[in-house]
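K.L.:
for reference, the sequence and a predicted model appear below.
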Amino acid sequence: MEVVKLPGVQPRFQVIKDSITQAIRKREYLPDDQIPTEFELAEKFQVSRMTANRAVRELVAEGLLVRHQGLGTFVTPLKVESPLLEIRNIADEIHERRNIYSNERYELKQIEADKKLAGLLGVNSGDPLYYSLMVHKENGFPLQLAERYVNATLVPDYIEQDFSRKTPSEYLSELFPLSEIEHIVEAVMPDRQEQDLLDISANTPCLLVNRRTWSMNNLISYARLVHPGNLYRLSSRSKI
């Protein structure tokens with residue numbers, strides 16, 4: 001086992017915590033992966049078992065790790081819950097969980113509406129639409145693949161946006177107060193593009209949310225939101 005020499009400034013338990021945290025964020029440890037035992041950590045960092053125990057204990061208390069009696073310590077499963085009957089900015093949801101939000105934009109372009117998209121967006125075939133493809137991440141883990149089609153006539157500046165700091169959902173909600181939403185949820189298996197961008201296997205069940213949004217009777221956008229099923233769930237609550 002590689003021995004890590006500790007710097008003299010930081011407390012030794014903090015160095016171990018930082019090392020484990022960075023390994024999780026770099027995907028060296030994935031959700032549900034088992035981390036080294038306290039004995040192995042003590043040996044690797046040349047510290048006492050008590051020091052290694054403190055590092056692990058604090059990471060458990062912070063929710064990054066979970067202990068299973070008799071089995072070991074594991075990276076906490078990432079299971080995100082999002083409301084079904086409203087639209088929340090995914091970046092805000094992640095920040096509220098005290099986690100790190102990031103995204104990667106793969107496409108932002110103008111296309112022509114085919115027959116299916118024309119029906120979904122209430123436009124004519126051949127009318128201009130703007131298309132964006134992004135992956136939203138939590139602590140570096142792909143959480144949502146978002147394909148969005150926007151009425152180019154209603155939102156002419158959509159294609160000029162950066163979206164590295166403001167998500168498409170946040171941008172559109174600022175321009176168009178929401179008056180109506182439609183959600184259709186399906187269980188699907190990922191296609192090849194979804195496998196690659198979400199870093200999942202072909203056997204990973206996914207949740208597909210088809211979302212259309214209106215503002216003042218104008219149909220603004222249609223989005224396909226794909227989530228790995230083992231990381232995501234939707235919830236709703238209403239009074240009868």
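P.N.:
Cool, the structure landed.
K.L.:
for residue 66, which non-adjacent residue is closest in space?
P.N.:
Computed as C-beta to C-beta, 6 or more residues apart in numbering, the closest residue to residue 66 that is not its neighbour in sequence is residue 76, at 4.9 Å. Yep, even glycine has a C-beta here, placed from its N, CA and C like the rest.
K.L.:
where along this structure do the strands fall?
P.N.:
Taking DSSP state E, the strands of the chain run over residues 65-68, 72-75, 80-83, 101-112, 128-138, 141-151, 180-188, 206-215, 218-228, 232-235.
K.L.:
elements contacting the fourth one?
P.N.:
In this case it means strand 101-112. Secondary-structure packing of strand 101-112 (3 or more C-beta pairs under 8 Å, 6 or more residues apart in numbering; DSSP states H and E): helix 90-96, strand 128-138.
K.L.:
residue 146 is nearest to which of the ones you listed?
P.N.:
Smallest distance to residue 146 across those (C-beta to C-beta): 5.0 Å, for strand 128-138.
K.L.:
in the closest one, what's buried?
P.N.:
Buried residues in strand 128-138, counted by 16 or more other C-beta atoms under 10 Å: 129-138.
K.L.:
show me this protein divided up by domain.
P.N.:
Listed by automatic domain parsing, the domain ranges of the chain are 12-75, 80-235.
K.L.:
on that earlier part again, redo the strands of the chain as TSV? Include mean pLDDT and distance to residue 173.
P.N.:
Shown next, in TSV, are the strands of the chain (pLDDT from 0 to 100; distance: least, C-beta to C-beta, whole Å):
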stretch	mean pLDDT	distance to residue 173
strand 65-68	87	35
strand 72-75	91	33
strand 80-83	56	15
strand 101-112	95	16
strand 128-138	95	15
strand 141-151	94	13
strand 180-188	90	11
strand 206-215	93	9
strand 218-228	94	10
strand 232-235	66	19
